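Asks: I would like to see how this sequence folds:
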Amino acid sequence: MDEEFETTTFYYDFLLEPCQKPEVKNFASQFLPPLYSLVLILGLVGNALVVLILIKYKRLRSMADIYLLNLAVSDLLFILSLPFWAYYAAHEWVFGNAMCKILSGVYIAGFYGGMFFIILLTVDRYLAIVHAVFALKARTVTYGILTSVVTWGVAILASFPELIFHSAQKEATHWTCSPHYPWGQEKTWKQCQTLMMNLVGLVIPLLIMIFCYAAIIKTLLRGRNEKKHKAVRLIFIIMIVYVIFWTPFNIVIFMNTFPNLFVLNTCETSKQIELAIQVTETFAMIHCCINPVIYAFVGEKFRKYLHTFFQKHIAIYLCKHCPALYRDKLERVSLTYTPSTAEHDISVGL
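Replies: Coordinates of the predicted model:
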């Protein structure tokens with residue numbers, strides 16, 4: 001959370017009157033907590049199911065499974081920090097300086113981690129389809145784990161400025177968690193971080209994805225393999241959704257950091273930009289809930305595993321509270337049960 005939801009003071013157009021922004025704080029306190037709570041519930045359940053299915057059923061047998069798991073983990077990093085930001089938006093920062101630094105770093109690491117793993121998934125599809133022979137050697141679980149470790153290292157490194165500069169401080173009558181840069185370097189640091197977020201987190205990944213998918217589409221049109229079409233569809237939709245949800249926030253952050261480029265150096269436009277940051281940032285966070293939905297609607301294997309999980313662990317529990325249904329299930333099981341079928345069930349497993 002880079003932006004501070006407080007009444008701040010700036011001077012515009014050489015006026016001596018400060019620019020007060022109480023409506024920004026009021027909007028945040030009413031708008032953000034309920035939305036954060038909704039994202040927390042939906043995102044936590046959805047991504048926890050993704051992690052469960054990837055580990056329990058798919059058992060991480062491929063490089064793509066490793067990247068999908070890490071993508072879900074990066075979403076969970078966002079989600080688990082939301083209760084703290086929701087409370088902060090409605091009240092003040094009461095969680096101490098260490099938590100301010102850690103949660104700010106986790107937020108940025110999750111942002112970069114999510115984008116990086118979508119890039120890796122795209123490159124994985126690119127290798128599998130465009131360079132199929134080379135992919136047999138390169139697309140292994142071992143390489144998947146190694147590249148994941150390196151990727152998290154880069155994401156954590158990118159979050160260091162948040163860890164260093166974010167701190168909890170008492171301003172006026174309440175505590176805040178916001179960046180505090182060295183004296184005289186605030187503008188430079190803010191511009192550098194915004195440019196890095198836009199370039200490394202959006203522009204460069206987008207160029208890589210365009211290159212990969214251009215080559216993938218060219219190969220698919222030449223081969224007309226229906227199975228390969230299905231294989232690339234899931235990753236393509238994940239990429240498009242990520243860009244749709246995160247691009248508005250990146251644009252607004254850029255406008256806020258470089259207001260003179262867009263003639264936004266008045267008090268009123270400053271208020272509008274800060275409100276836009278809150279809206280687009282929350283819209284971007286909703287992305288954490290979307291990937292599990294994409295898997296459910298696009299990924300055939302994921303739907304199958306999800307159905308198996310609910311049938312084995314949820315439906316039976318619910319049926320205990322529906323005696324008629326549960327009795328019928330028991331009767332059907334008892335009619336079909338033999339030592340040979342029991343042995344078959346154990347041997348087949350999933």
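Asks: Point out where the chain drops to low pLDDT.
Replies: Where the chain drops to pLDDT under 70, the residues are 1-21, 224-231, 296, 318-350.
Asks: need the longest helix for it.
Replies: Looking across the chain with DSSP state H, the single longest helix is helix 96-130.
Asks: Return the distance of whichever helix or strand comes after that helix from the chain's centre.
Replies: Using DSSP states H and E, the helix or strand that follows helix 96-130 in sequence is helix 132-138. Relative to its chain's centre, helix 132-138 lies at 29 Å (CA atoms, centre = their mean, to the nearest Å).
Asks: Check what contacts helix 132-138 and list those residues.
Replies: Contacts to helix 132-138, defined as CB atoms under 8 Å, 6 or more residues apart in numbering, come from residues 127-128. Bear in mind the C-beta positions are built from the backbone N, C-alpha and C, glycine included.
Asks: mind listing what's buried in it?
Replies: Within helix 132-138, the residues scored as buried using 16 or more other CB atoms under 10 Å are residue 135.
Asks: before we move on, what about stretch 30-42?
Replies: 32-33, 35-36, 39-40, 42.
Asks: Tabulate these in a markdown table, adding columns for secondary structure.
Replies: Shown next, in a markdown table, are those (DSSP: H, G, I helix; E, B strand; the rest coil):
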| residue | secondary structure |
| --- | --- |
| 32 | helix |
| 33 | helix |
| 35 | helix |
| 36 | helix |
| 39 | helix |
| 40 | helix |
| 42 | helix |
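Asks: Could you list every helix and strand that the longest helix of the chain packs against?
Replies: Counting contacts by 3 or more CB pairs under 8 Å, 6 or more residues apart in numbering; DSSP states H and E, helix 96-130 packs against helix 63-90, helix 132-138, helix 141-158, helix 160-165, strand 166-171, strand 174-179, helix 204-223, helix 226-257.
Asks: Now do the residue lying closest to residue 116 once chain neighbours are set aside against residue 189, distance only.
Replies: Spatial nearest neighbour of residue 116, chain neighbours left out: residue 151 (4.8 Å); criterion: CB to CB, 6 or more residues apart in numbering. Using CB to CB, to the nearest Å, one gets 25 Å for the distance from residue 151 to residue 189.
Asks: dump the residue contacts of the residue sitting nearest the centre point of the chain.
Replies: What sits nearest the mean C-alpha location of the chain, by CA atoms, centre = their mean, is residue 75, with 3.6 Å. Residues near residue 75 by CB under 8 Å, 6+ apart: 43, 47, 110, 114, 287-288, 291.
Asks: try it again with 10 Å
Replies: Counting by CB atoms under 10 Å, 6 or more residues apart in numbering, residue 75 makes contact with 43-44, 46-47, 50-51, 110, 113-114, 117, 285, 287-292.
Asks: What separation is there between residue 27 and residue 248?
Replies: Distance, residue 27 to residue 248, using CB to CB: 17 Å.
Asks: now residue 301
Replies: Residue 301 is 32 Å from residue 248, where distance means CB to CB.
Asks: Can you classify residue 310 by secondary structure?
Replies: Per three-state DSSP, residue 310 ends up helix.
Asks: Pull the number of nearby residues for it.
Replies: For residue 310, the neighbour count with other CB atoms under 10 Å is 14.
Asks: what do you get for residue 145?
Replies: Neighbourhood size, residue 145 [other CB under 10 Å]: 14.
Asks: now swap in residue 269 and tell me
Replies: Applying other CB under 10 Å, we find 15 residues neighbouring residue 269.
Asks: What sits closest to it if chain neighbours are left out?
Replies: Leaving aside its chain neighbours, residue 269 sits nearest to residue 259 (7.4 Å; criterion: CB to CB, 6+ apart).
Asks: Kindly report the same for residue 156.
Replies: Using CB to CB, 6+ apart, the nearest residue to residue 156 is residue 109, at 5.4 Å.
Asks: Would you mind measuring from that neighbour to residue 266?
Replies: Distance of residue 109 to residue 266, computed by CB to CB: 35 Å.
Asks: And the two? Which one has more around it.
Replies: Neighbour tally, residue 109 and residue 266, criterion other CB under 10 Å: the higher count belongs to residue 109, 23 against 15.
Asks: what residues are up against that one?
Replies: Going by CB under 10 Å, 6+ apart, residue 109 touches 74, 77-78, 152, 154-160, 162-163.
Asks: Can you tell me which of the helices and strands packed on helix 96-130 is packed in deepest?
Replies: Ranked by mean neighbour count, the helices and strands packed on helix 96-130 are led by helix 63-90 with a mean of 22 (mean count of other CB atoms under 10 Å).
Asks: Give me the angle between that one and helix 96-130.
Replies: On the basis of axes from the mean of the first three to the mean of the last three CA atoms, to 10 degrees, helix 63-90 is oriented at 150 degrees to helix 96-130.
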